[in-house]
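>>> Give me coordinates for this.
(chains A and B, ligands or ions: 2)
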Amino acid sequence: MVKVNELVDVAHGVQSKRVFWDQEVYEQELERVFGRCWLFLTHESLIPNFGDFVTAYMGEDKVIVVRQKDGEIKAFLNSCTHRGNQVCHADSGNAKAFTCSYHGWSFGADGSLAALPLEQSAYYGKFDKAGAGLREVAKVDSYRGFVFGCFDAAAPSLPDYLGEMGWYLDTWMDGTGGAELVGPPMKSILRCNWKVPAENFIGDGYHVGWTHAAAIKVLGGPLSGLAGNAEIPFDDAGLQVTSRHGHGFGVIWDGLGLIHDDPAYREYAYANLPALTEKMGPWRAKLYTGHWNAGIFPNCSYLYGTNTFKVWNPRGPNEIEVWTWTLVEKAMSPELKAEVVKQAIHSFGTAGTLESDDGENMETCTWSNRGPQTRKGVMNSQMGQINDGEHPELPGIIGKNFIGETSYRGFYRFWAEMMQAENWDAVRANDATWKDALIKGAAEAKAAERAA
Amino acid sequence: MNAPTLQSFSPVQPDETRPVDLALHHAVSQFYFREARLQNGRQARQWLETMVDADIHYWLPILEDRFAKDPRPQPTPAEPAVYNDSHDDLRKRIERLETGLVWMEDPPSRVRFLVTNIEAYHTAEPDLIGTFCNVHVYRNRRQRDETHHFYGREDVLRRGADGQLRLLRRKIVLDQRVVLDKNLYMFL
Ligand code: FES
Ligand SMILES: [Fe+2]
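Ligands and ions are numbered 1, 2, ... in the order given. Modelled structure (predicted):
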C-alpha cells in the first residue's frame, strides 16, 4: 500500500512529485479513486431516447451508457461475459441490442444476455442466461442532466457526493432553466498524468497570464491586460473554493464570455441577470456572470464562462485521453448555442488557441519525474493560503483571491483522504473535521507572517 | 454510410467526368507544394495573404466511430468541429503565433507536409476547381517528441482574374478518431 502521508502534506500544501509518476500510486488510484468516486459519463440530452447509447471510460474501465425503456439510464462494463471481448465499438448510436463480435452473444439495452448462438445444440438449452448479463455499474444518476456513474454501491448519493458544490453548480445548472452539453466530444491525447490538468483547471488562475499570454493578447478586450502578467487583478477580482469531496473552482468576477470573441454570450447572460438574482440570490448572481476554472473530483473539469467541458481519462500514469464537449444553456437560441460552441472550440478544442498553450506544460510536469532525483522533490501549492477560511455565506473553504491555490490544496486533501480510506464509511467519519487541516495550515501561515 | 462527401459541406461539386488539363493540373500541384513549403517554413502569414481566398471556409469535422447502419447524417459545419474557421479566424491564429509569446513553439517545432494523390476537376462554376489530395504531416518537437497525421483534403480552389489559384473551401478528413497528439494547431 502506498504511504500517502509521504506524498501529500495537506496543512502545508505540498505534494511529492511521485504523485505524477509512480505506477503503484496509479494502481491504487484506479481502485480507490476511480473505483469509488462518481465519474462523469455524459449528458442526458445526448441520449434522449430508448436505446440511445454512448461509450465512455470510468478510469481505465470501458463502459456503455444506455437509455432504458423506462427512461432511466444504466451503464455496463463494455466487456462480454463469455470471453471478455469488447461488446460495443461505436462512440454513440441507438441499439436495442449489443452483439459481441467474437461468438455472437447478444445483450439487450438493459444489459441482460438475450441470446447466444447454438444455445440448444451446444449448451443443450441449459445455459443460465440470467447470470450472464453485462456487469452493471453499481450507481448511475444524473445531477440536473449531467450523468455520472460510480462502481461503489456504498458511495454517497450523487447529490451528497457533489455536496456544497451543488449549491454553486445550481448557479448555471438551474438558474436559467438548465444546461446541457453539445457533442460529440473531441478526443485527443496528452502524455501527462491525469492530475496535472485536473489540478490546473480546478485551481490555476496563476498560469493564465503567462502560459496563455499569446492567446489573450490577440483576443484583446479586458483580459489582454493579463498577457505576460502585465496587470494582474488581485483582492476583489474573484475567489477560490474547495469543498468536502475535493471539487472546487476559482472565479474571476465579470469574466463570463471574455475568452469568446463575440459579445452575444455576455449580452445573453446579463439580460438574464435580474431574473436570476431574484431566483438564486445575490451571491449566485455574481457567480453567474463570473468565469470559473473548475473541477468535479476526480477527473472532470470545465470552464464556465468559456464553456469548455472536459474529462481526463487516465491511460496509465503518464498518458490521458482528453474528451471535450461544449457547455450551453438550454434557454439559449440555436444561433447563440452554435456561436458558443464555435468560440469554446476555437479556444479550448483540439486545435484551440488556449488549449495549445497548455499541453506542453502538462506533459513535462509529468515526464520530468522519469528522473529519480527529480522525483524525490516536492511541489508547492501554498499561494494564498494565508487568506483561506470559512465564509459567512459561501459553503466550503474560501480563498479570498482569484489567483491562489486554495482549490489545489483542497483537491489533494481529498485525494489523500480517498487514497488512505479503507471504504466510504471511513471517509464519512471525517465529515465533521475535513476542514481542520486546511484551516490549521492557514493559521500557521498567518502566524508565520506575524512572526516575520 | 459514413463516407464524408464534399456535398455535406459545399454545394460546389467536382465533376469527375471533366478532369482539368495537364497545364492546370500542374498549376494545382504547384499550388499544394508551395503551400506545404510555406507551412514547413513557418510562413503562415504569407500563406494566408497569397494563397487563401477572403471567403475561405476551413473545416475539420468531428467524425465519430458509428455503426455502419447508423442512419444519422454526416456532420455539417453547423455542428461542433475542430476547425470551423473564416479568414478572420485563421488570421487570429496566425497573429497568436506572431506575438512571440507562444512558449510551446520556442524553440520551434519542425513540421513537414507530404502532399500526394492530387486529383483536380472542373465544377459547374467556371472559376472553381474541385480537388482531392492526401496529406501526411510529420511534427517533431522538443528533441524527440514526434507525431504523424494522415488526412484527406477536399478543397475548392478559385482561379482569380489574375490566373492565381486561391483556397476557397477546405474540408479536412482526419483518419484518427482520437487525435494522437496534444493538439492540432497546424494549418492542415
Ligand atoms: S467473447 Fe463475446 S461471445 Fe464470446
Ligand atoms: Fe491553461
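>>> give me the beta-bridge partners of the residue nearest to the spatial centre of chain A?
For chain A, residue A:300 is the residue whose C-alpha lies nearest the centre (Cα atoms, centre = their mean; 1.3 Å). Assessed by DSSP bridges, residue A:300 has beta-bridge partners residue A:296, residue A:311.
>>> Can you tell me the SS state at residue A:342?
Put simply, residue A:342 is helix when judged by DSSP: H, G, I helix; E, B strand; the rest coil.
>>> what about residue 17, how many neighbours?
Just going to use chain A. 19 (other Cβ atoms under 10 Å in any protein chain shown). Where C-beta positions appear, they are placed from N, C-alpha and C, glycine not excepted.
>>> look at chain B instead
Neighbours of residue B:17 (other Cβ under 10 Å): 7.
>>> Tell me how far residue A:49 lies from chain B.
12 Å (Cβ to the nearest Cβ, to the nearest Å).
>>> Write down the beta-bridge partners of the nearest residue to that residue once chain neighbours are set aside, one by one.
In this structure, residue A:49 finds its nearest non-sequential neighbour in residue A:67, 6.2 Å apart by Cβ to Cβ, 6 or more residues apart in numbering or on different chains. Residue A:67 has these beta-bridge partners by DSSP bridges: residue A:73.
>>> Read off the pLDDT value for residue A:67.
Per-residue pLDDT puts residue A:67 at 98.
>>> my guess is it meets residue A:46, correct?
No: checked against Cβ atoms under 8 Å, the pair residue A:67 and residue A:46 is beyond contact range at 9.7 Å.
>>> what's the nearest residue to the closest residue to chain A within chain B if we skip its chain neighbours?
Residue of chain B nearest chain A, by Cβ to the nearest Cβ: residue B:182 (3.4 Å). Nearest non-adjacent residue to residue B:182, counting by Cβ to Cβ, 6+ apart: residue A:359, 3.4 Å away.
>>> and the one you found, what element?
helix A:355-367 (DSSP states H and E).
>>> Following element in sequence after that helix, please.
helix A:372-375.
>>> Report the distance from that following helix to the chain centre.
Put simply, helix A:372-375 sits 29 Å off its chain's centre (Cα atoms, centre = their mean, to the nearest Å).
>>> can you list the weak-confidence ranges in the chain?
In the absence of a named chain, this looks at chain A. A:231-235 (pLDDT under 70).
>>> My question was about chain B, not that one.
In chain B (pLDDT under 70), the answer is B:1-10.
>>> let's see 50
For chain B, residues meeting the criterion pLDDT under 50 lie at B:1-8.
>>> Identify the residues contacting the residue nearest to residue A:49.
A:47-53, A:73, A:109 (Cβ atoms under 8 Å, 6 or more residues apart in numbering or on different chains).
>>> same deal with residue B:102?
With Cβ under 8 Å, 6+ apart, residue B:102 has these contacts: A:214, A:357, B:96.
>>> next one: phi and psi at it?
phi -90, psi 90 (degrees, to the nearest 10).
>>> For residue A:227, see how far away it is.
As judged by Cβ to Cβ, to the nearest Å, residue B:102 and residue A:227 stand 12 Å apart.
>>> Residue A:312 now?
Taking Cβ to Cβ, one finds residue A:312 at 27 Å from residue A:227.
>>> These two: which has the busier surroundings?
Between residue A:312 and residue A:227, counted using other Cβ under 10 Å, residue A:312 has the larger neighbour count: 26 against 22.
>>> ok, back up a step: from the contacts of residue A:67, which would you call buried?
Those of the contacts of residue A:67 that meet the buried threshold are A:47, A:51-53, A:73, A:109, by 16 or more other Cβ atoms under 10 Å in any protein chain shown.
>>> With secondary structure added, can I get these in a markdown table?
Listed next are the buried ones among the contacts of residue A:67 as a markdown table, based on three-state DSSP:
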| residue | secondary structure |
| --- | --- |
| A:47 | coil |
| A:51 | coil |
| A:52 | strand |
| A:53 | strand |
| A:73 | strand |
| A:109 | coil |
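>>> For those, which two are the farthest from each other?
Maximum pairwise distance in those, criterion Cβ to Cβ, is 11.7 Å, between A:51 and A:73.
>>> what residues do these two have in common as contacts?
With Cβ under 8 Å, 6+ apart, residue A:51 and residue A:73 have common neighbours A:66-67.
>>> Which parts of chain B are strands?
Assigned by DSSP state E, chain B shows strands spanning B:52-61, B:81-85, B:110-122, B:128-141, B:145-159, B:165-174.
>>> which residues does the residue nearest to residue B:20 when sequence neighbours are not counted contact?
Counting by Cβ to Cβ, 6+ apart, residue B:20 lies nearest to residue B:120, which is 4.5 Å off, once chain neighbours are set aside. Applying Cβ under 8 Å, 6+ apart to residue B:120 gives the contacts B:14, B:19-20, B:24-25, B:28, B:129-131, B:157.
>>> Pull the contacting residues for the residue in chain B sticking out farthest from the centre.
Distance from the C-alpha centroid of chain B, by Cα atoms, centre = their mean, peaks at residue B:69 (28.7 Å). Residues counted as contacts of residue B:69 (Cβ under 8 Å, 6+ apart): none.
>>> Check residue A:137 too.
A:58, A:63, A:74-77, A:149-151.
>>> quick check, nearest of those to residue A:194?
residue A:58 (12.7 Å).
>>> which residues pair with that closest one across the strands?
residue A:61.
>>> tally of neighbours for it?
By the criterion of other Cβ under 10 Å, residue A:58 has 25 neighbours.
>>> right, and it touches residue A:39 too?
Yes: if you go by Cβ under 8 Å, residue A:58 and residue A:39 touch, sitting 4.7 Å apart.
>>> what sits against residue 155?
I'll assume chain A. A:36-38, A:138-139, A:161, A:424.
>>> looking at chain B here, not the other one
By Cβ under 8 Å, 6+ apart, the residues touching residue B:155 are B:130-133, B:167-171.
>>> 7 Å instead, please
Residue B:155 sits next to B:131, B:167, B:169-170 when contact means Cβ atoms under 7 Å, 6 or more residues apart in numbering or on different chains.
>>> same question, residue A:376
Going by Cβ under 7 Å, 6+ apart, residue A:376 touches no other residue.
>>> Dihedrals phi and psi, the one residue in chain B that gets nearest to ligand 1?
Using Cβ to the nearest ligand atom, residue B:67 is the residue of chain B that sits closest to ligand 1, at 17.1 Å. Per-residue torsions, residue B:67: phi -60, psi 150 (degrees, to the nearest 10).
>>> list the contacts for residue A:150?
Counted by Cβ under 7 Å, 6+ apart, residue A:150 has contacts A:37-39, A:138-139.
>>> can you give me the helices in the stretch 251-400 of chain A?
A:264-280, A:282-288, A:334-348, A:355-367, A:372-375 (DSSP state H, counting those that start in this stretch).
>>> Only the buried residues of the longest one, if you could.
Read it as helix A:264-280. Those would be A:264-266, A:268-269, A:272, A:276-277, A:280, for helix A:264-280 by 16+ other Cβ under 10 Å.
>>> what about the residue nearest to residue A:324 when sequence neighbours are not counted, how many residues close to it?
Leaving out its chain neighbours, the residue that sits closest to residue A:324 by Cβ to Cβ, 6+ apart is residue A:186, at 4.5 Å. Neighbourhood size, residue A:186 [other Cβ under 10 Å]: 28.
>>> Perfect, that will be all.
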